[in-house]
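In: pasted the sequence and its predicted model underneath.
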Amino acid sequence: MLLISCVLAKAQTGYNIPITLKPYKNTYVYLGYYYGKMKALADSALLDANGKGVFAGKEPLPGGIYFVVSPRKEILFEVLIDKQQKFSIAADSASLPNNVTFTGSQDNLLFHLYTRFTNQIGGEINRTNESFKAAKNEKDSAKLRIRLKQLTDRMQLYRDSMIAKNPNTFLTALFQAMKEPVIPPAAKHPGGKYDSLYAYRFYKSHYWDGVSFSDGRLVRTPFFEAKMEKYYKELVVPNPDSIKQEVDHMLLYSRSNQEMFKFLLVHFVQKYVNPEYMGQDAVFVHLFEKYINTGQADFFTEKYKDFMFKRAYSLMANLIGQPAAQLDLVDTLDKPASLYDIESEFTVICFWDPTCSHCKETVPKVDSIFKAKWKNEGVTVYGVMVDGGKDLWKKFINDNKLSGWIHAYQLPSQQKQEEAAGKPNYRQLYDVYQTPILYLLDKDKRIIAKKLTYLQLDEVIDLKLKNKKI
């Protein structure tokens, strides 16, 4: 009896999806899937002379939205994969997506009906949008706006009906996750008047109502990552502390599903290791310290772990708001020229190389704005020669009349002492792996801004001075 049970259990594992796909024959077709914004292939099937083949494997496929791909690598139609992984597909590429038949999969029967409906409504929406663009007066535009709303409402009503009739299906989980909050009418806002702050808070607090972060199937859909990016772009305050709080919240709720946890952590690491906005690298450092360096992310390759380790330690010492690392360097006469000996309202550190073409163009411009403006605003420029050699460095300073700066470099003997002591060098402490690089420090040598252009740095100085006067 036990042997029979084991055989039955083994027979029920894996997936087996026979497919008949006209007019293809004696060729391969493919089963692909979404993974966030990416697409990948999961399997292939060789069609015989009658256009018949089988997608099959010993291990079950992870749940999600998959798609059938033609021999020419074109997506033909989508397929839902969930617990039931033994069903058949019959289709004719000449009449897609309408002529697709699923046998043995209730989810895909419902999904196919929905796909046909959305194609019909989607076509009407596209035509209405084109008419809206060509509208010649406000009266026509108003009519078309009403029509667009009617069409989108029909789409949502269809989804709501599907949810009500089929509450426990994968398709319902997808519809719930795709839903966006509907802001209450103005009459229901505090005081009975439209309140933009209330609307924002309501929308944000209900944005994830239909999403379960323990549902790993959502990572294999074309909309989940886009929904997440919209949330962080439009609804989360873009300062590092706010982002860290949101990220931790999501990762906490995904703990029960390794697939979702992995997807989210990889997404956040890749987004914030080289962030769009200055200062958000603090989010990556937070992720590294809390999750990666504590052994909670063993799914990263050793090569990528090494990259993250080095990147994190190159950022830890130069996060916005932190005290800048000490620079015990010497000037052109090899006399001490320490960063922390500077007494100034602001200090601009300029890491540069006299042989670097970009530096040759930028450094004189930094000098021009320094002499024309910054000097009178209490700004000191601390120029650090990174490479290029002392002779070329001094020649460039003299040729371009870079007077008024504190020029500094590291003696070879200082560098050897650092290496012998196992201390991080200034390249690591300031993440200097290209030139020129500019940092802006306040009077206490805390980092205000980094890796901006000299014009952007000027805007920050103006803003700081303006705020100081208020």
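Out: The structure has been received and is ready for your questions.
In: mind checking how far Y340 is from D241?
Out: Y340 sits 27 Å away from D241 when distances are taken as CB to CB, to the nearest Å. Using the backbone N, CA and C atoms, a C-beta is placed for each residue, glycine as well.
In: look at these two and report which has more neighbours.
Out: Regarding Y340 and D241, a neighbour count based on other CB atoms under 10 Å identifies Y340 as having more, with 14 against 11.
In: I448: what secondary structure?
Out: When the structure is reduced to helix, strand and coil (DSSP: H, G, I helix; E, B strand; the rest coil), I448 reads as strand.
In: no no, A90
Out: State at A90, reduced to three classes by three-state DSSP: strand.
In: hang on, it packs against T20?
Out: Yes: A contact is recorded between A90 and T20 when judged using CB atoms under 8 Å, the distance being 4.4 Å.
In: can you give me the pLDDT of the residue positioned nearest the centre of the chain?
Out: Residue closest to the average C-alpha location in the chain (CA atoms, centre = their mean): K271, at 3.9 Å. What the model reports as pLDDT for K271 is 96.
In: mind starting the numbering at 44 from now?
Out: Sure, I'll start numbering at 44, so the last one becomes K314.
In: tell me how far it lies from I286.
Out: Taking CB to CB as the criterion, K314 is separated from I286 by 9 Å.
In: can you pull the domain assignment for the protein?
Out: Following the assignment in automatic domain parsing, the chain carries domains at 55-147, 156-220, 251-268+275-361, 371-512.
In: TSV for those domains, including distance to P228?
Out: As requested, these are arranged in TSV below (distance: least, CB to CB, whole Å):
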stretch	distance to P228
domain 55-147	34
domain 156-220	14
domain 251-268+275-361	19
domain 371-512	39
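In: rank the ones you listed by mean pLDDT and give me the bottom one.
Out: Ranked by mean pLDDT, the domains of the chain bottom out at domain 156-220, with a mean of 89.
In: quick one: which of the domains of the chain is nearest G234?
Out: Smallest distance to G234 across these (CB to CB): 23.4 Å, for domain 251-268+275-361.
In: so how far is the closest one from its chain's centroid?
Out: When C-alpha coordinates are averaged (CA atoms, centre = their mean, to the nearest Å), domain 251-268+275-361 and its chain have centres 9 Å apart.
In: cool, stretch 439-450 as well?
Out: Averaging C-alpha positions (CA atoms, centre = their mean) puts stretch 439-450 42 Å from its chain's average.
In: show me which residues of it are buried.
Out: Neighbour-count burial for stretch 439-450, counted by 16 or more other CB atoms under 10 Å, picks out F439, I440, L445, W448, I449, H450.
In: measure that stretch end to end?
Out: End-to-end distance for stretch 439-450, by CA to CA, to the nearest Å: 12 Å.
In: also stretch 228-238?
Out: Its start and end residues considered, stretch 228-238 measures 10 Å (CA to CA).
In: what mean pLDDT does that stretch have?
Out: Per-residue confidence for stretch 228-238 averages out to 87 on the pLDDT scale.
In: in it, which residues are buried?
Out: Buried residues in stretch 228-238, counting neighbours by 16+ other CB under 10 Å, are found at H232.
In: and stretch 384-401, by the same measure?
Out: I385, S387, F389, T390, V391, I392, C393, F394, W395, D396, P397, C399.
In: N300: which of those is nearest?
Out: Ranked by distance to N300 (CB to CB), the buried residues of stretch 384-401 are led by F394 at 44.3 Å.
In: partner strands of the one helix or strand the closest one maps to and their direction?
Out: With the criterion set as DSSP states H and E, the secondary-structure element containing F394 is strand 389-395. Neighbouring strands of strand 389-395 in its sheet, by DSSP bridges, are strand 422-428 (parallel), strand 480-484 (antiparallel).
In: out of these, the one nearest V309 is which?
Out: Comparing the strands paired with strand 389-395 by their distance to V309 (CB to CB), the top pick is strand 480-484, with 28.2 Å.
In: which residues touch the closest one?
Out: When contacts are taken as CB atoms under 8 Å, 6 or more residues apart in numbering, the neighbours of strand 480-484 outside the stretch itself are 361, 367, 389-394, 409, 473-474, 490-497, 500, 503-504.
In: gap between it and the chain center?
Out: With CA atoms, centre = their mean as the basis, the mean position of strand 480-484 lies at 26 Å from the chain mean.
In: what ranges does the stretch 94-243 of the chain have for its helices?
Out: In order along the chain, the stretch 94-243 of the chain carries the following helices (DSSP state H, counting those that start in this stretch): 149-177, 181-208, 213-221, 239-248.
In: pick the most deeply packed of the ones you listed.
Out: Per-residue neighbour counts averaged over each of the helices of the stretch 94-243 of the chain give the maximum for helix 213-221, namely a mean of 20 (mean count of other CB atoms under 10 Å).
In: give me the contact list for that helix.
Out: With contacts defined as CB under 8 Å, 6+ apart, helix 213-221 is touched by 106, 108, 123, 125, 150, 153-154, 157, 202, 205-206, 209, 253-255, 258, 260-261, 264, 266-267, 270.
In: repeat that with 10 Å
Out: Counting by CB atoms under 10 Å, 6 or more residues apart in numbering, the neighbours of helix 213-221 from elsewhere in the structure are 106-108, 123-127, 149-154, 156-157, 199, 201-203, 205-210, 212, 251-255, 258, 260-261, 264, 266-267, 270.
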